[in-house]
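Asks: Below is the sequence, then the predicted model.
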Protein chains: 2
Amino acid sequence: MNALGRHLVADFHGCTADLNNPDVVLRALEQACEVAGATIISRTGFNFSPYGVTSVVVIAESHLAVHTWPEYGYAAVDLFTCGTSVDTWRAFEFVKSAFGATRVEVKEMPRGILSQNEMAQANAYSPILSRPAAA
Amino acid sequence: MNALGRHLVADFHGCTADLNNPDVVLRALEQACEVAGATIISRTGFNFSPYGVTSVVVIAESHLAVHTWPEYGYAAVDLFTCGTSVDTWRAFEFVKSAFGATRVEVKEMPRGILSQNEMAQANAYSPILSRPAAA
């Protein structure tokens, strides 16, 4: 399958970790990157009042995102990677454990399944506009 | 269905927009927020060399994320919202049009489908740690 990315869409229920603590949530993502071999580029997030944390980590291989509903013991976790160097499932297992999830629903979704024509198109590609190189 | 969030997982192929231009990508997300009624909290992203743009917009209602492979005319687009005030499908239509996608695969995924027990749990919830209110 000519997929460009792998996306794990995970719903973690019955979490025992403090999902209202932004440090707990961000640290889980950072450590998941470490164990999975992902390279962190930037972090952003938001703390809701009274409950809820959003944490997003952009990685060189795509992104990881978490939204928590602590009052329900629930975290929506997205682990999107591309390339072959990152072990996405290892990141999944790490976050699952860090959050103490007791009921899990997860789907692995291949992203960007190319047709033969779309694959061939790359050979003829040249950027329309010049732009700065990677920061 | 007691879902906390709505997540549109979209693969946009055959895009005619300049997916290598970070301004084009970010502007599409910002305008999608505007037409869909989402509130932007923060933006982050990355420009790859020689090709590819990552753009993530954290919104009060969750997040929007795009990763592009301009050489394949492909954009992976995630539109994740919660609550009832944002029209997620309107955001989808906007980005699809802005990118000039000619082949689209999209799945709507309900996120955080709660059991009766999990719903009841919220009544007994109190945060483990105090933390700052929303910024």
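Replies: Good, I have the coordinates.
Asks: Show me what the residue most central in space within chain A is bridged to.
Replies: Compute the mean C-alpha point of chain A, and by Cα atoms, centre = their mean the closest residue is residue A:64, 2.1 Å away. Assessed by DSSP bridges, residue A:64 has beta-bridge partners residue A:57, residue A:79.
Asks: List the residues that contact it.
Replies: By Cβ atoms under 8 Å, 6 or more residues apart in numbering or on different chains, the contact list for residue A:64 reads A:29, A:32, A:33, A:38, A:56, A:57, A:77, A:78, A:79, A:80, A:91. In short, each C-beta sits where N, CA and C put it, glycine included.
Asks: Just read off the phi/psi values of the third one.
Replies: It stands for residue A:33. Here is the backbone geometry of residue A:33 (degrees, to the nearest 10): phi -60, psi -40.
Asks: Could you report the distance from it to chain B?
Replies: 14 Å (Cβ to the nearest Cβ, to the nearest Å).
Asks: leaving aside the residues next to it on the chain, what's closest to that residue?
Replies: residue A:40 (5.3 Å; Cβ to Cβ, 6 or more residues apart in numbering or on different chains).
Asks: For that neighbour, give the beta-bridge partners.
Replies: Beta-bridge partners of residue A:40, as defined by DSSP bridges: residue A:59.
Asks: which residues does it contact?
Replies: So, once contact is read as Cβ under 8 Å, 6+ apart, residue A:40 ends up touching A:30, A:33, A:57, A:58, A:59.
Asks: Show me what the helix or strand of chain A with the lowest mean pLDDT is in contact with.
Replies: None of the helices or strands of chain A scores lower by mean pLDDT, DSSP states H and E than helix A:116-121, at a mean of 88. Where contact means Cβ under 8 Å, 6+ apart, the residues beyond helix A:116-121 that reach it are A:2, B:13, B:14, B:71, B:72, B:73, B:74.
Asks: With respect to residue A:21, which of those residues is nearest?
Replies: Ranked by distance to residue A:21 (Cβ to Cβ), the contacts of helix A:116-121 are led by residue B:74 at 37.1 Å.
Asks: ok, now how distant is the closest one from residue B:30?
Replies: Residue B:74 sits at a distance of 21 Å from residue B:30 (criterion: Cβ to Cβ, to the nearest Å).
Asks: more neighbours, these two?
Replies: Between residue B:74 and residue B:30, counted using other Cβ atoms under 10 Å in any protein chain shown, residue B:74 has the larger neighbour count: 27 against 15.
Asks: that older thread, in the least confident helix or strand of chain A, what's buried?
Replies: A:118, A:121 (16 or more other Cβ atoms under 10 Å in any protein chain shown).
Asks: quick one on the thing from earlier: among the contacts of residue A:40, which one sits closest to chain B?
Replies: For the contacts of residue A:40, the closest approach to chain B (Cβ to the nearest Cβ) belongs to residue A:58, at 5.5 Å.
Asks: Quick check, that closest one in contact with residue A:41.
Replies: Yes - at 4.7 Å, residue A:58 counts as touching residue A:41 under the criterion of Cβ atoms under 8 Å.
Asks: quick one, which of those two is more surrounded?
Replies: Shown here are residue A:58 and residue A:41; by other Cβ under 10 Å, residue A:58 has more neighbours (23 against 17).
Asks: how close does that one sit to residue B:110?
Replies: Residue A:58 sits 25 Å away from residue B:110, going by Cβ to Cβ.
Asks: Helices of chain A, start to end?
Replies: Using DSSP state H, the helices found in chain A span residues A:22-36, A:88-99, A:116-121.
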